[in-house]
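Participant: Pasting the sequence and the predicted model now:
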Amino acid sequence: MALRWIGSGEVLNGFFMSLLSRDILFAGAALWFVILFAITHTRSIWVAVLCFVDACFWMIVVCGISYFDPLNVFLLFILLGLGADGIFIVFDTWEQSREALSY
């Protein structure tokens, strides 16, 4: 008979993994929301996909992450937000420069 208590690694690991798996679903929903918002804002699937590729590039090449565990999903989520923010800034600047040069 094995005795399990709250401080044991087995109980905490199971609890942590259940919380993490639920949070990954929220992160995945937010990821899809960012991509869909980028598609509607830029009116281009290519540009929206580029912000996701940019996030993967930063995570794999620049940060040097070769092992992908559930916590790395949150890093991908943060980098996708930064990449999408950069795409929105560049796209809005492009639109404003086109309007400024149309005089």
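Facilitator: Great, that's in hand.
Participant: ok, Ile39 to Ile87 distance?
Facilitator: Separation of Ile39 from Ile87 (Cβ to Cβ, to the nearest Å): 11 Å. Backbone N, C-alpha and C define where each C-beta goes, glycine included.
Participant: can you check Phe52 too?
Facilitator: 10 Å.
Participant: ok, back up a step: so between Ile39 and Ile87, which is more surrounded?
Facilitator: Ile87 (21 against 15; other Cβ atoms under 10 Å).
Participant: Next up, the contacts around the more buried one.
Facilitator: Ile87 makes contacts with Ala38, Thr42, Val47, Ala48, Leu50, Cys51, Asp54, as judged by Cβ atoms under 8 Å, 6 or more residues apart in numbering.
Participant: quick one: stretch 14-27 to chain centroid distance?
Facilitator: Remark: stretch 14-27 is offset 16 Å from the chain centroid, using Cα atoms, centre = their mean, to the nearest Å.
Participant: I meant stretch 36-56, not that one.
Facilitator: With Cα atoms, centre = their mean, you get 12 Å for stretch 36-56.
Participant: Could you work out the end-to-end span of that stretch for me?
Facilitator: 17 Å (Cα to Cα, to the nearest Å).
Participant: let's have the chain start at 388 instead
Facilitator: That works, and once the first residue is 388, the last one we named lands at stretch 423-443.
Participant: what does that stretch rub up against?
Facilitator: For stretch 423-443, contacts defined as Cβ under 8 Å, 6+ apart pick out Val421, Ile422, Leu463, Leu466, Leu467, Leu469, Gly470, Ala471, Gly473, Ile474, Phe475, Phe478.
Participant: Redo the residues you listed as CSV? Include distance to Phe403.
Facilitator: Formatted as CSV, the contacts of stretch 423-443 follow (distance: Cβ to Cβ, whole Å):
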residue, distance to Phe403
Val421, 26
Ile422, 28
Leu463, 19
Leu466, 23
Leu467, 24
Leu469, 26
Gly470, 28
Ala471, 29
Gly473, 33
Ile474, 34
Phe475, 34
Phe478, 39
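Participant: mind showing which ranges of this protein have poor pLDDT?
Facilitator: 388-399, 455, 457, 460, 489-490 (pLDDT under 70).
Participant: What residues of the lengthiest helix in the chain count as buried?
Facilitator: Using DSSP state H to define each element, the chain has its longest helix at helix 396-429. Neighbour-count burial for helix 396-429 flags Ala414, Leu418, Val421, Ile422, Ala425, Thr429 (criterion: 16 or more other Cβ atoms under 10 Å).
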